[in-house]
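Asker: Model the structure of this input:
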Amino acid sequence: MKPRLDGDERVQRFHRLHDEGRVYEPLGVVLQRLCSELAAILPADVVSVYLREQSAADEDLLVMRANYGFTRVAVGNVQLRVGEGITGTAAELGRVVAGEADHDRFARVEGLREERFPHFLALPILRHGDVLGVLVLQRAADDLFSPDDVTLASACVGAFALALRGERARRAAAQQARRGEAPRQVRLKGRPLVPGVALGRAELLLALGRVDALSETPQGDEVSEAFGAVARRLGQRVDGLMESVDETLAAELGNVRLLLLDERFRRSAVEETQARGVSAGLSALARRYALAPLQTASGPELDWLERRAAEITALCRLVYAELQHRPVVRPGGALLLTEAPGGLLCLDLLGRRPSAVVMADPMARESLGARLLQHAGIPTLASVGGLFAWVREGDPLLIDADEGFLHVHPSPELTARARATGDAPGR
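Answerer: Next up is the predicted model:
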C-alpha cells in the first residue's frame, strides 16, 4: 500500500481530487486518475469504480470501468450483477458496505486474486437517490479500514459523482443540440497519434454482447468458417507487411500469426457460441481470455498475456463482423472506437482504407496497433473527450490529426479548405 501522507498534503490532494472530477477529458481517463489519487489519499491497495449499466439482455450490471491496483485487463471485463457480492450489495442497498473476503455476500471474481486484499469498503455513487455506480476500496490483510477512513472515503465519492455528472451533462447537451433544426458544429480536442487531415462519415465498431439477429445458436461450422476467413485475410496482411517493416515489428507480427493458427481458440469459439449464441458467446470468450492471465502470471509474462488477451478480444470482434457479413469499416469511413485497437484490428483496417481512426481512450505510441496505423499513414486521434456524446454514426467529420482536433458537422468553408490542401481523403 502507498505510504500515508502527512496531514497538509492529504488535505491539499483531497481538494485537488474534486478539481480532477471536473476535468473535461474522456470519462475513463478521469476515473482512472481519480482512482490513483484516492489510493494515495486514503491510502488503499486497490481502488475500483464500477458503473451501473444495462446489458443487451436487460440485466442490471456493475462493470469495472477504472481501477488502481489490479492489472489493466480487468477494466471492462469484470462484471457483477446488482446484488451480487459486497459491491453489488452496496448498489442494491444504496449505502456503504464494509466487509471481508469471508463475508457471506462476498463473490469471488475468477483471476483477480482478491484474497491478497481481503478488507473491502464499497460506497455507492449516488445522484438524486439513484445509484450510478460503486466505488470499491481494498486493503491487505494487516490493514483494516477505520471509522475515519470510512468518513474520508465517503467525502471523496463526490469527486467520482462530479465526473459522472459532467459526462451526463455533455451527453444531454449533445442530445439537445441534435433536436435543433440544423446540426451543431462541434470541435473536440484529441491527442494526435498519426498526422494527417481527413474527411469521412462516422462508423462504429460492432459491439459484442448485444442482442440482435445473431443471438440464436449458430451451426458450429459457421463460426469455424468465419474464424478461418478472418485468419486467412489477416495472415495475408502479415505476409504483405513482412518485407516493409523493421525487425521488431516483424517479430510482433509473427506472434500475431501464431494466434491466428490457435486451434484451441477456434474450438472454444465454437463451443461458447453454441452454448450462448454468437454475440453473448464471443463476448464471454473474450472476457475469459482477458481474466485468465491474472490467476498465476506476473511481471513480463503478465504483460505478454495481457497483450494477447487484447488481441483475443479484437479477434472475437472480427469473427463477429464476419458472421454479420459487415466490414469493420467501409472505404473512406472514419472509424470511431471506445478503446485503443490491438494489432489484429489494425491489421484488418489496413486493407479497408478508412479515412481516419478516432478513439475516446488513450493509445500508446509504441503499441503494435499504433505502429501499424503509423506505417499505413492513417490519420489517428486518441483521447478525444466527449466523442460519443457528440458523434453519432453517419455524422460528417473532419479529422485534423496535425493539430489534434475532431470537427463534427464541419462548415462548408472548413471542408473546402481541407479538400484544397489535397491531403484530406475520405467521403
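
Asker: which SS class is residue 24?
Answerer: Three-state assignment for residue 24 (DSSP: H, G, I helix; E, B strand; the rest coil): coil.

Asker: quick one, helices of the stretch 151-300 of the chain?
Answerer: In the stretch 151-300 of the chain, the helices defined using DSSP state H, counting those that start in this stretch lie at 220-241, 247-260, 263-276, 278-291, 299-323.

Asker: which is the next helix or strand following the last one?
Answerer: Secondary structure here is assigned by DSSP states H and E; on that basis, the next helix or strand after helix 299-323 toward the C-terminus is strand 334-337.

Asker: Can you give the strand pairings for that next one, parallel or anti for each?
Answerer: strand 197-204 (parallel), strand 356-359 (parallel) (DSSP bridges).

Asker: hang on, the earlier thing: out of the helices of the stretch 151-300 of the chain, which is the most enclosed?
Answerer: A comparison of these by mean neighbour count, using mean count of other C-beta atoms under 10 Å, puts helix 278-291 on top with a mean of 23. (Glycine included, C-beta is placed from N, CA and C.)

Asker: I'd like the helices of the stretch 151-300 of the chain written out as CSV, with mean pLDDT and distance to residue 70 added.
Answerer: Putting the helices of the stretch 151-300 of the chain into CSV (pLDDT from 0 to 100; distance: least, C-beta to C-beta, whole Å) gives the following:
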stretch, mean pLDDT, distance to residue 70
helix 220-241, 90, 30
helix 247-260, 88, 24
helix 263-276, 87, 24
helix 278-291, 80, 10
helix 299-323, 78, 11
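
Asker: Minimum distance to residue 138: which of those helices has it?
Answerer: Residue 138 lies closest, by C-beta to C-beta, to one member of the helices of the stretch 151-300 of the chain: helix 278-291, at 17.0 Å.

Asker: Tell me what angle that closest one forms with helix 220-241.
Answerer: Inter-element angle recorded for helix 278-291 and helix 220-241: 60 degrees (by axes from the mean of the first three to the mean of the last three C-alpha atoms, to 10 degrees).

Asker: on contacts alone, who are the packing partners of helix 278-291?
Answerer: Helix 278-291 is packed against helix 263-276, helix 299-323, with contacts defined by 3 or more C-beta pairs under 8 Å, 6 or more residues apart in numbering; DSSP states H and E.

Asker: Compile the ones you listed into TSV and extend it with columns for distance to residue 246.
Answerer: As requested, the helices and strands packed on helix 278-291 are exported to TSV (distance: least, C-beta to C-beta, whole Å):
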stretch	distance to residue 246
helix 263-276	28
helix 299-323	18
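
Asker: re the thing from before, as CSV, the strands paired with strand 334-337 with mean neighbour count would be great.
Answerer: Listed next are these as CSV, based on neighbours: other C-beta atoms under 10 Å:
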stretch, mean neighbour count
strand 197-204, 21
strand 356-359, 28
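
Asker: Which one, of those, ends up nearest to residue 392?
Answerer: With C-beta to C-beta, the closest approach to residue 392 among those belongs to strand 197-204: 6.8 Å.

Asker: Could you export the closest one as PDB, CA atoms only?
Answerer: Extracted as PDB, the C-alpha positions of strand 197-204 are listed here (Å, rounded to 0.1, in the frame of the first residue of the first chain):
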ATOM      1  CA  VAL A 197      -6.100  15.600 -42.300                       C
ATOM      2  CA  ALA A 198      -9.100  13.500 -43.400                       C
ATOM      3  CA  LEU A 199     -12.800  13.700 -44.100                       C
ATOM      4  CA  GLY A 200     -15.300  10.900 -43.600                       C
ATOM      5  CA  ARG A 201     -18.600   9.800 -42.100                       C
ATOM      6  CA  ALA A 202     -18.500   8.300 -38.600                       C
ATOM      7  CA  GLU A 203     -18.700   4.500 -38.400                       C
ATOM      8  CA  LEU A 204     -18.900   2.500 -35.200                       C
END
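
Asker: And the average pLDDT for it is what?
Answerer: Over the span of strand 197-204, the pLDDT mean works out to 94.

Asker: List the contacts of that strand.
Answerer: With C-beta atoms under 8 Å, 6 or more residues apart in numbering as the test, strand 197-204 has contacts from 329-330, 332-336, 354-356, 379, 391-402, 410, 415, 418-419, 421, 423-427.

Asker: Now the buried members of the residues you listed.
Answerer: Buried residues within the contacts of strand 197-204, defined by neighbour count using 16 or more other C-beta atoms under 10 Å: 329-330, 332-336, 354-356, 379, 391, 395-401, 410, 415, 418, 424-426.

Asker: quick one on the thing from earlier: nearest to residue 58, out of the helices of the stretch 151-300 of the chain?
Answerer: helix 278-291 (12.9 Å).

Asker: ok and the closest one relative to helix 299-323, angle-wise?
Answerer: 170 degrees.

Asker: Report the angle between helix 278-291 and helix 263-276.
Answerer: Going by the same axes, to 10 degrees, helix 278-291 is angled at 130 degrees with respect to helix 263-276.

Asker: next one: helix 278-291 to chain centre, how far?
Answerer: 15 Å (C-alpha atoms, centre = their mean, to the nearest Å).

Asker: what are the C-alpha coordinates of that helix, in CSV please?
Answerer: The C-alpha atoms that make up helix 278-291 are tabulated as CSV, following Å, rounded to 0.1, in the frame of the first residue of the first chain:
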residue,chain,number,x,y,z
VAL,A,278,-22.9,-15.8,-31.2
SER,A,279,-22.9,-12.4,-29.6
ALA,A,280,-23.0,-13.5,-26.0
GLY,A,281,-20.7,-16.4,-26.6
LEU,A,282,-17.9,-14.4,-28.2
SER,A,283,-18.3,-11.7,-25.5
ALA,A,284,-17.9,-14.4,-22.8
LEU,A,285,-14.9,-15.9,-24.5
ALA,A,286,-13.2,-12.6,-24.8
ARG,A,287,-13.7,-11.9,-21.1
ARG,A,288,-12.5,-15.3,-20.1
TYR,A,289,-9.2,-14.9,-22.0
ALA,A,290,-8.8,-11.4,-20.6
LEU,A,291,-9.1,-12.5,-17.0
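
Asker: where does the residue nearest the centre of the chain fall, helix, sheet strand or coil?
Answerer: Nearest to the geometric centre of the chain sits residue 339, at 4.1 Å (C-alpha atoms, centre = their mean). When classified by three-state DSSP, residue 339 comes out as coil.

Asker: per-residue confidence for it?
Answerer: pLDDT, the model's per-residue confidence, is 87 for residue 339.

Asker: Would you mind measuring from it to residue 236?
Answerer: 26 Å (C-beta to C-beta, to the nearest Å).

Asker: Please apply the same query to residue 391.
Answerer: Counting by C-beta to C-beta, the gap from residue 391 to residue 236 is 32 Å.
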